[in-house]
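# here is a sequence with its predicted model. Questions after.
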Amino acid sequence: MWEWFLLFLQIMLINIVLSGDNAVVIALASKNLPLHQRKKAIWWGAVGAIGLRLILTIIAVYVLSVPYIQAAGSLLLIWIAVKLLIDDDGHSNVKEASTLGKAVWTIIIADFVMSLDNVLAIAAKAENDLTVIILGIGLSVPIIIWGSTLVMNLLTRFPVLVYIGAGILGYTAGEMFVKDETVSHIVLQSVPHWVVPIVCTVVVIGAGLLKKLAGGPKPKHS
């Protein structure tokens, strides 16, 4: 029970850290609507985004069981984790919608494009446990949408949360690589498998710290 609860908390943290900027997209997409339509846009956009994300994650769980794909996914997840700490992209390309329908569509599409990293990370972490996937996504997305200001403030005020989230992603990427027996047997050979997740975690966090020490922008959620 404790392991399940810890897994649930990790998925929640991954989803919140990786989805912080989705709240910005939602705010921008519905900015020009009247207040009553703005609430509807957020609600229907959230419902569509949650449903789409759940479907994609469940599909990803089964796709990652295919040999070589899991190893490739682990490398992509490491890149996502590093990008989380060093990325400085803005949201200037997000258009403000003028109608309710356009706002809902913009929110769903933007969430789809921005959530591919979440889908990969959660599918890898959940280890086929559909219950924890549904609960982790279902509870964290509403937190992000309706508590977006709080989430953004927390991530800005406590950058260590971003580092912890990125570290979990790095560790998960290492676990993914090891679980792909076909590739890990060829690459790792006699290297102990427990070393890989730790090395990946160190690489990810080290990249973020190097970026910070080099005088780059502060880490931000992707």
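It's in. Numbers count the residues shown, from 1 in each chain.
# quick one: low-confidence parts of this structure?
The chain contains residues with pLDDT under 70 at 16-31, 87-98, 110-117, 127-128, 140-153, 155, 215-222.
# check which helix or strand the spatially most central residue of the chain maps to.
By CA atoms, centre = their mean, the mean C-alpha position of the chain lies nearest to N118, the distance being 3.0 Å. Using DSSP states H and E, N118 maps to helix 116-126.
# any idea how far that helix is from the chain center?
Remark: helix 116-126 is offset 7 Å from the chain centroid, using CA atoms, centre = their mean, to the nearest Å.
# hmm, back to that, isn't the residue nearest to the centre of the chain right up against I50?
No. Taking contacts as CB atoms under 8 Å, N118 lies outside contact range of I50: 11.4 Å. C-beta here means a position set from N, CA and C on the backbone, and glycine is covered the same way.
# what is in contact with the two at once?
I137 (CB atoms under 8 Å, 6 or more residues apart in numbering).
# do you have the helices of the protein handy? List them.
2-29, 35-63, 69-86, 100-114, 116-126, 130-146, 148-157, 160-179, 181-187, 195-213 (DSSP state H).
# what's the spacing between the residue of the chain most remote from its centre and Y62?
No residue in the chain sits farther from the centre than S190, which is 32.3 Å out by CA atoms, centre = their mean. Distance from S190 to Y62, counting by CB to CB, to the nearest Å: 31 Å.
# next one: A81
23 Å.
# neighbour count for those two, which is higher?
A81 (30 against 10; other CB atoms under 10 Å).
# ok, now which ones touch that one?
A166, G167, L169, G170, A173, V204.
# and for A126?
L7, I11, T57, V61, V132, I133, G136.
# surely the fifth one and F5 touch.
Looking back up the chat, that one is V132. No. Between V132 and F5 there is no contact under CB under 8 Å: 9.3 Å.
# those two: which has the busier surroundings?
V132 (20 against 10).
# how many neighbours does the closest residue in space to I86 that isn't next to it in sequence have?
Nearest-residue entry for I86: K211, 4.3 Å, with adjacent residues in sequence omitted and distances by CB to CB, 6 or more residues apart in numbering. Counted with other CB under 10 Å, the neighbours of K211 add up to 18.
# burial check on K40, number of neighbours?
15.
# same check on I109?
16.
# and for V82?
A count of nearby residues for V82, using other CB under 10 Å, gives 20.
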